[in-house]
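> take a look and give me a structure for this.
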Amino acid sequence: MINVIVTYTVNPDYVSENKTHIQKFLEDFKNLDQETFEYKVYVKEDGVTFLHYSNYINEEVQHEVLNTPSFKEFQRLRDESGLNGTHKVEILQSI
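Numbering: from 1, shown residues only. Below is the predicted model of the structure:
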């Protein structure tokens, strides 16, 4: 099992647009095999920091999910919005 947490902070004026792009890829993820991965997105109390939690049964599933066109577009637009070096990816090890 692959478990990942991604956090990043967007500019306040980009929050609404970011949420719209997130909803788009989450909707597209519903067309994939839900038994093979989990993907959840949260906004922290500050209202501008997003946390994406995901787990995948293997690298093949992770690759398929992360290469969904709407997810790739979300990433591009998010990165272009100016993250100011706040993007952080953490791989979690289960106990």
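
> tell me the buried residues in whichever helix in the chain runs longest?
In the chain, ranked by residue count with DSSP state H as the criterion, the top helix is helix 15-29. In terms of neighbour count (16 or more other CB atoms under 10 Å), helix 15-29 has its buried residues at 15, 18, 21-22, 24-25, 29. To be clear about C-beta, it is placed using only N, CA and C from the backbone, and glycine gets the same treatment.

> what of stretch 74-88?
For stretch 74-88, the buried set under the neighbour-count rule, 16+ other CB under 10 Å, comprises 74, 78, 81.

> now it, how far from the centre of its chain.
Using CA atoms, centre = their mean, to the nearest Å, the distance from the centre of stretch 74-88 to the centre of the chain it belongs to is 11 Å.

> CA atoms only: put that stretch into CSV for me.
Provided in CSV are the C-alpha atoms of stretch 74-88 (Å, rounded to 0.1, in the frame of the first residue of the first chain):
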residue,chain,number,x,y,z
PHE,A,74,-5.5,20.8,-11.6
GLN,A,75,-1.8,20.4,-10.8
ARG,A,76,-0.7,22.6,-13.7
LEU,A,77,-3.2,25.4,-12.7
ARG,A,78,-2.4,25.1,-9.0
ASP,A,79,1.3,25.3,-9.6
GLU,A,80,0.9,28.3,-11.9
SER,A,81,-1.2,30.1,-9.2
GLY,A,82,2.0,30.6,-7.2
LEU,A,83,2.5,28.2,-4.3
ASN,A,84,5.5,30.1,-2.9
GLY,A,85,7.5,27.0,-2.1
THR,A,86,4.8,25.5,0.2
HIS,A,87,4.2,22.3,-1.8
LYS,A,88,5.2,19.3,0.3
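
> on that earlier part again, pLDDT added to the buried residues of stretch 74-88, as a markdown table?
Converted to a markdown table, these look like this (pLDDT from 0 to 100):
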| residue | pLDDT |
| --- | --- |
| F74 | 97 |
| R78 | 95 |
| S81 | 91 |
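
> list just the nearest of those to N3.
For N3, the nearest member of those is F74. The distance, counting by CB to CB, is 20.3 Å.

> wait, the closest one sits on K24?
Yes. F74 sits in contact with K24 when judged by CB atoms under 8 Å, with a separation of 7.0 Å.
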